[in-house]
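Student: Sequence and predicted structure below; questions after.
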Amino acid sequence: MTQTQDYEQKTRGGKADTLAQFEAPKRSPLGHLQHILHQTPAIVPLVVLIVAVIVFGIINSNFMRVSTLSTIFQQIGIVGVLGIAQTLVILTAGIDLSVGAMAVLITVLMGQLTFRYGMPGELSVMIALIAGTVMGSINGFLVAKMKIPPFITTLGTWQIFLATNYIFSRNETIRSRDIEETAPIMQFWGNTFEIFDARVTFAVVLLIVLVAVMAYVLRSTAWGRHVYAVGDDADAAGLAGVKTDMILIQVYALAGLFCAIAAWVMVGRFGSITPSASTGVLGNIQSITAVVIGGISLFGGRGSIVGMFLGALIVGVFEMGLRMAGADAQWTYLLIGVLIIGAVAIDQWIRKVSS
């Protein structure tokens, strides 16, 4: 071997050794777990849901009946749709405290348009859906263009929607029988059909379809990837050509539309329309709870609609399971509180190890 060949071989070896120093380090078992959870955050709520169903099924055999599981799905119908709205906003590193109040206001608008102003039920529903989109767009404009923090923006609009609700409705309740006779379209999602000896509402089917559609949109379209990019790092997304302000407005507008859909589901679920519906307050808390337990990061940019759906199911399973076990209702709040703190702690751990 000549000196030149020997030099070239050493040089090539030196380059190989240098490059080898930049190879990805081998992950420990804990690192592998972190990586898996980072890529698929819905795994944690899925495991919790499966374990909860098994435990409550052992405690009470009636829990595993199709009718019981069907009831759980029906109970999370409203929260699930509001959870979709909340998920979209939180994925952009925001939060929407107005979703519950917005939904109740839209039910009132829907009812008053028909029973005070004589509009056909179908037209009232259509106007309500448009109104929800407009309300969401206002939130989006204030956040994106006025640069008001989402928490402050939606805290303010929550109060505005709540006050408008009572002023516009004059604190009047519209009875279920009147709605059924005059505008049955408003109660459409409360209609049921039978499957495996269980009665299922159309709202359950709607929720599953919406979850499937939005899961596809967020994961498989350019718009969905832009939503994640804005939540992960809005400045970097802007430098990459993403119209961040437009994405934010679109996200909040779409969230408003889902709030309107949730309002329509609410009328079908409860039958009547009342401005003092508890969903105005609980809707905010429950939708955020479903999002957090579902593994969606409150810091934005990570999580999925499917995770939120699993989170809502976990809440429904715990409430039903503890009720059937004869436990005090306060245990539900205690366990849900533990799950919330645990979910946030896991998210923090994943982010810390990832960095």
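Tutor: It's in.

Student: alpha carbons only for contacts and neighbour counts from here, please
Tutor: Noted.

Student: burial count for residue 177?
Tutor: 12 (other C-alpha atoms under 10 Å).

Student: Need the pLDDT of it.
Tutor: Per-residue pLDDT puts residue 177 at 92.

Student: and it, what does it touch?
Tutor: Taking C-alpha atoms under 8 Å, 6 or more residues apart in numbering, we find residue 177 in contact with residue 272.

Student: again, only this time at 10 Å
Tutor: Counting by C-alpha atoms under 10 Å, 6 or more residues apart in numbering, residue 177 touches 183-184, 271-272.

Student: can you check residue 310 too?
Tutor: Counted by C-alpha under 10 Å, 6+ apart, residue 310 has contacts 42-49, 80, 290-291, 293-295, 316.

Student: Residue 291 too?
Tutor: Here residue 291 is in contact with 80, 83-84, 86-88, 90-91, 297-298, 303-312, 340, 343 (C-alpha under 10 Å, 6+ apart).

Student: Apply 8 Å and report the result again.
Tutor: Residue 291 neighbours (C-alpha under 8 Å, 6+ apart): 83, 86-87, 307-308, 311-312.

Student: Distance-wise, check residue 70 relative to residue 94.
Tutor: Using C-alpha to C-alpha, to the nearest Å, residue 70 is found at 33 Å from residue 94.

Student: Those two - which one has more neighbours?
Tutor: The neighbour count for residue 70 versus residue 94, taken as other C-alpha under 10 Å, is higher for residue 94 (22 against 16).

Student: Not counting sequence-adjacent ones, nearest residue to the more buried one?
Tutor: Counting by C-alpha to C-alpha, 6 or more residues apart in numbering, residue 150 is the residue found nearest to residue 94 once chain neighbours are left out, at 5.5 Å.

Student: again, but for residue 79
Tutor: Nearest one to residue 79, counting by C-alpha to C-alpha, 6+ apart, is residue 287 at 5.7 Å.

Student: I'd like the distance between residue 77 and residue 94.
Tutor: Counting by C-alpha to C-alpha, the gap from residue 77 to residue 94 is 23 Å.

Student: Neighbours of residue 82, how many?
Tutor: 29.

Student: Which strand or helix spans the residue nearest in space to the middle of the chain?
Tutor: Taking C-alpha atoms, centre = their mean, the centroid of the chain lies closest to residue 83, which sits 2.8 Å from it. Assigned by DSSP states H and E, residue 83 falls within helix 77-91.

Student: which stretches of the stretch 101-250 of the chain form strands?
Tutor: Using DSSP state E, counting those that start in this stretch, the strands of the stretch 101-250 of the chain run over 192-195, 198-201.

Student: Turn those strands into TSV, columns for mean pLDDT and distance to residue 168.
Tutor: Listed next are the strands of the stretch 101-250 of the chain as TSV, based on pLDDT from 0 to 100; distance: least, C-alpha to C-alpha, whole Å:
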stretch	mean pLDDT	distance to residue 168
strand 192-195	86	32
strand 198-201	86	30
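
Student: Using CSV, lay out those strands together with distance to residue 163.
Tutor: Formatted as CSV, the strands of the stretch 101-250 of the chain follow (distance: least, C-alpha to C-alpha, whole Å):
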stretch, distance to residue 163
strand 192-195, 34
strand 198-201, 32
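
Student: okay, these, which one's buried deepest?
Tutor: strand 198-201 (a mean of 18; mean count of other C-alpha atoms under 10 Å).

Student: Partner strands of it and their direction?
Tutor: According to DSSP bridges, strand 198-201 forms sheet pairs with strand 192-195 (antiparallel).

Student: Show me what the strand it pairs with is in contact with.
Tutor: Residues from elsewhere that reach strand 192-195 (C-alpha under 8 Å, 6+ apart): 199-202.

Student: check contacts around residue 315.
Tutor: Contacts of residue 315 (C-alpha under 8 Å, 6+ apart): 290, 336.

Student: Can you tell me how far it is from residue 43?
Tutor: For residue 315, the distance to residue 43 - C-alpha to C-alpha - is 16 Å.

Student: Residue 350 now?
Tutor: With C-alpha to C-alpha as the criterion, residue 350 and residue 43 are 13 Å apart.

Student: Return the member of the contacts of residue 310 nearest to residue 62.
Tutor: residue 316 (15.6 Å; C-alpha to C-alpha).

Student: And for that closest one, the neighbour number?
Tutor: 22.

Student: Correct me if wrong: the residue nearest to the centre of the chain contacts residue 293.
Tutor: No. In this structure residue 83 lies outside contact range of residue 293 using C-alpha atoms under 8 Å: 11.3 Å.
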